[in-house]
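In: structure for the following, please:
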Amino acid sequence: MPAVPLSLLWLVPALPLVGFVVNGTLALARPTAKRAVSIVGVGTLVLAFAAAAIAVAGLARHHATAPLVFRYWEWIPAGDLQVAFALQLDQLAAVMILVVTGVGALIHVFSVGYMHEDPGYARYFAYLNLFVFFMLILVLGANFPVMFVGWEGVGLCSYLLIGFWFNEQINADAGKKAFIVNRIGDFGFLVAMFLIFTRFGSLDFETVFAKAPAVLMPGGAVATTITLFLFLGCTGKSAQIPLYTWLPDAMQGPTPVSALIHAATMVTAGVYLVARCGVLFALSPLGSAVVAGVGALTALFAATIALKQWDIKRVLAYSTVSQLGYMFVGAGTGAYAAGIFHLVTHAFFKALLFLGSGSVIHAMHHAYHATHTDADAQDMRNMGGLRHYLPWTGALMWIATLAIAGIPPFAGFFSKDEILGAAFAEATIRPLWYAFWAMGLAAALLTAFYMTRLMLYTFHGPNRTGERERAHLHEAPPVMTGPLALLGILTVLGGALNVPELLGGHAFLERWLEPVTGVAQRLQPAVEVAHATEWALVAGAVLIAVLGIVGAFRLLKPEALVSARLAPPERGLARLLWKKWYVDELYDAIIVRPVMWVSREVLWKIVDARIVDGVLVNGTAAASRAVGWLGSRLQTGEVGVYVVLFVIGVLAVVGAAVR
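Out: The predicted structure follows:
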């Protein structure tokens with residue numbers, strides 16, 4: 001029987017739900033009660049993190065080798081389909097709930113300072129609490145339908161939060177774009193669930209994963225179809241090619257929302273799904289290759305776009321798309337622990353980068369007041385020299401930059417190196433992986449370059465805000481810098497979670513996840529390479545990162561940069577990258593506009609207006625009027641006419657009877 005702390009697992013998602021209900025009520029009844037909103041919004045997340053830590057400690061003491069499943073009620077009893085509302089705690093879910101609640105709590109604290117003057121403060125925290133609740137349901141669900149509730153819930157909350165300032169058209173459009181693109185991926189998830197139920201007769205994780213090696217033929221069509229549809233869901237939720245375009249537009253929401261989406265919640269859901277279904281992917285070499293290939297291509301493609309973006313948040317958005325690609329390379333290679341490890345370290349340094357950019361934007365808004373637009377406050381060409389005014393933010397963001405670039409001993413070095421090493425090892429038996437490894441290495445070079453570019457143009461060189469605005473630049477208040485400092489500590493120390501034996505560690509996270517990933521790894525065993533080769537790969541990865549950083553310092557000249565309003569237009573390749581390879585325009589030309597044309601010119605003007613309204617509605621009305629008119633002609637009021645009609649009717653009936 002599970003220990004008492006474990007049996008109270010339901011408290012972990014329940015607390016953010018309580019926060020949503022209370023703050024939602026306050027948003028309607030007392031929207032100005034900001035102190036109460038702050039206490040409830042932040043307090044429920046802190047308590048959820050404490051509950052998660054207690055549950056994980058109980059799991060560790062329990063030494064569970066199988067998931068601990070808690071069934072609360074029968075949800076869908078329909079013939080052979082028996083689905084309980086059940087939560088499960090295992091080593092993978094434990095990692096996820098600590099990341100979601102821990103990093104999520106820090107983002108909530110930061111939001112108190114960042115959003116304090118916003119009139120929608122209570123509504124904002126209600127949505128934020130709801131977002132965390134659905135993400136916890138996603139990672140704690142014991143079966144596919146419960147996971148899907150969380151999956152759809154984070155999609156809803158992303159729509160609400162990305163379009164939070166919906167009075168501006170661009171923000172409302174960004175929210176709709178995220179919602180619609182994710183529905184494409186969700187279609188894939190649903191089809192995969194139907195196929196799984198058809199094949200296994202169950203949607204419970206325990207049953208499906210236990211039966212999978214016996215039910216599915218390795219490399220067979222069914223296993224491949226299921227995994228490809230599952231991965232379609234992942235490409236939508238985790239912003240991979242071709243469904244990545246919604247994530248950069250998600251920058252229209254408040255900056256802490258960007259941090260929550262990019263670091264702790266929604267976009268990590270696809271990586272979690274692949275790791276959770278590792279047994280299925282291990283049975284499909286083609287499915288795994290697609291996961292790794294799309295991840296590697298996305299990592300490189302998004303990194304090229306980040307090279308020429310000027311909006312500080314948009315650079316980080318494409319960075320997230322790229323880093324998610326790395327995680328999928330790890331998962332597709334069979335290095336599930338490495339993929340999850342990068343998910344964790346990425347949560348630390350990417351939350352730090354986004355919240356740091358929030359501090360920068362906060363300062364720029366104060367400096368610009370009402371003289372510039374929001375876009376001006378986020379454009380790096382209008383910044384420069386901010387290290388003199390935001391020293392703590394600048395130093396902490398440099399730590400995160402070194403981490404994402406892969407410089408030791410920061411967290412990103414360990415996790416990214418493991419993924420690249422696993423891809424290279426796999427290439428020794430599957431040569432296609434050499435291409436994936438090379439793309440990952442190229443993406444690492446570009447990552448180091450564009451992140452150094454961001455730091456140079458934002459914090460170094462001359463200040464470009466203007467003389468009057470410069471006097472208003474200042475560091476964020478402690479409620480905002482405090483979370484940055486904690487994330488900075490995690491970014492420095494986070495790599496200790498899984499230091500490999502090659503570097504004198506014990507690979508703690510890999511051993512911790514073994515009860516979850518063990519079956520998949522036995523079906524898809526990792527390839528060992530010589531220690532000398534491993535050291536060469538490590539040295540090469542570090543050299544690439546250093547080359548990117550040094551190259552940025554040598555090639556970029558912050559002192560030559562001018563403000564956005566004076567900047568000349570981009571030309572040639574720079575314009576191509578600035579316009580994001582024109583992918584949005586391509587989608588608009590071949591998908592959006594044709595769909596809108598068919599909707600307006602065919603469905604509306606022809607089907608709706610002419611056929612439905614003209615023929616069915618108006619035609620039926622005209623026919624009714626005609627029948628009514630004929631009937632009225634028969635009602636003359638003359639008895640003789642009625643007698644004649646009566647006689648004709650009788651004769652007709654008699655004639656019919658005689659025949």
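
In: next, the buried residues of stretch 557-566.
Out: Residues of stretch 557-566 classed as buried: Pro558, Leu561, Ala564 (neighbour count, 16 or more other CB atoms under 10 Å). Just so you know, the C-beta spots here come from the backbone N, C-alpha and C atoms, and that holds for glycine as well.

In: the first one contacts Gly384, correct?
Out: In other words, Pro558. Yes: the criterion here is CB atoms under 8 Å, and Pro558 meets it with Gly384 at 6.0 Å.

In: quick one on the thing from earlier: could you single out the nearest of the buried residues of stretch 557-566 to Gly253?
Out: Ranked by distance to Gly253 (CB to CB), those are led by Ala564 at 21.7 Å.

In: surely that closest one is within a helix?
Out: No: Ala564: not assigned to a helix; according to DSSP: H, G, I helix; E, B strand; the rest coil it is coil.

In: can you pull the pLDDT of it?
Out: If you check Ala564, the pLDDT there is 82.

In: so who does Leu537 touch?
Out: If a contact means CB atoms under 8 Å, 6 or more residues apart in numbering, then Leu537 has Asp417, Leu420, Gly421, Phe424 as its contacts.

In: show the contacting residues for the first one.
Out: For Asp417, the contacting residues are Gly406, Leu537, Val538, Ala541, by CB under 8 Å, 6+ apart.

In: residue closest to the middle of the chain?
Out: Nearest to the geometric centre of the chain sits Val267, at 2.0 Å (CA atoms, centre = their mean).

In: was I right to think it contacts Ser238?
Out: Yes: applying CB under 8 Å, one finds Val267 in contact with Ser238, separated by 5.1 Å.

In: what do the two both touch?
Out: Leu324.

In: on that earlier part again, overlap of the contact sets of Pro558 and Gly384?
Out: Tyr457, His460, Gly461, Pro462.

In: which ones among the contacts of Leu537 lie within strands?
Out: Judged by DSSP state E, strands contain none of those.

In: report the next helix or strand after the helix or strand of the chain with the lowest mean pLDDT in sequence order.
Out: Least confident helix or strand of the chain, by mean pLDDT, DSSP states H and E, is helix 4-7 with a mean of 65. Counting by DSSP states H and E, the next helix or strand C-terminal to helix 4-7 is helix 11-29.

In: can I get the buried residues of stretch 557-566 in a markdown table including distance to Leu280?
Out: Below are those laid out as a markdown table (distance: CB to CB, whole Å):
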| residue | distance to Leu280 |
| --- | --- |
| Pro558 | 49 |
| Leu561 | 50 |
| Ala564 | 48 |
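
In: ok, back up a step: nearest to Ala609 among the contacts of Leu537?
Out: Out of the contacts of Leu537, the member with the shortest distance to Ala609 (by CB to CB) is Leu420, at 58.2 Å.

In: count the neighbours of the closest one for me.
Out: Leu420 sits with 27 neighbouring residues when counted by other CB atoms under 10 Å.

In: contacting residues for it?
Out: Trp437, Gly440, Leu441, Ala444, Leu537, Ala541.

In: out of the residues you listed, list just those in helices.
Out: Trp437, Gly440, Leu441, Ala444, Leu537, Ala541 (DSSP state H).

In: tally of neighbours for the fourth one?
Out: Just to be clear, that refers to Ala444. Neighbours of Ala444 (other CB under 10 Å): 30.

In: with adjacent residues omitted, what lies nearest to it?
Out: Ile544 (5.2 Å; CB to CB, 6 or more residues apart in numbering).

In: how far away is the one you found from Val100?
Out: Counting by CB to CB, to the nearest Å, the gap from Ile544 to Val100 is 32 Å.

In: ditto for Gly58
Out: Noted for Gly58: a distance of 18 Å to Val100, by CB to CB.

In: which of the two has more neighbours?
Out: Val100 (31 against 21).

In: verify the stated contact: that one with Leu138.
Out: No: the criterion here is CB under 8 Å, and Val100 misses it with Leu138 at 9.0 Å.

In: residues shared between the contacts of these two?
Out: In contact with both Val100 and Leu138: no residue, using CB under 8 Å, 6+ apart.

In: wait, Val492 sits on Phe410?
Out: Yes: in this structure, Val492 is within contact of Phe410 by CB under 8 Å, at 6.2 Å.

In: any common contacting residues for the two?
Out: Residues touching both Val492 and Phe410 by CB under 8 Å, 6+ apart: Ile399, Ala403.

In: compare the two (neighbour count), which wins?
Out: A direct count of neighbours by other CB under 10 Å for Val492 and Phe410 places Phe410 higher, at 23 against 18.

In: so what's the residue lying closest to the more buried one once chain neighbours are set aside scoring on pLDDT?
Out: In space, and not counting its chain neighbours, Phe410 is closest to Ala403: 3.7 Å by CB to CB, 6+ apart. The per-residue pLDDT reported for Ala403 equals 95.

In: and Ala552, by the same measure?
Out: Looking at Ala552, its pLDDT is 95.

In: on that earlier part again, pLDDT and distance to Pro16 for the contacts of Leu420 - can I get that in JSON lines?
Out: Formatted as JSON lines, those follow (pLDDT from 0 to 100; distance: CB to CB, whole Å):
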{"residue": "Trp437", "pLDDT": "95", "distance to Pro16": "40"}
{"residue": "Gly440", "pLDDT": "95", "distance to Pro16": "35"}
{"residue": "Leu441", "pLDDT": "95", "distance to Pro16": "39"}
{"residue": "Ala444", "pLDDT": "95", "distance to Pro16": "35"}
{"residue": "Leu537", "pLDDT": "91", "distance to Pro16": "41"}
{"residue": "Ala541", "pLDDT": "93", "distance to Pro16": "38"}
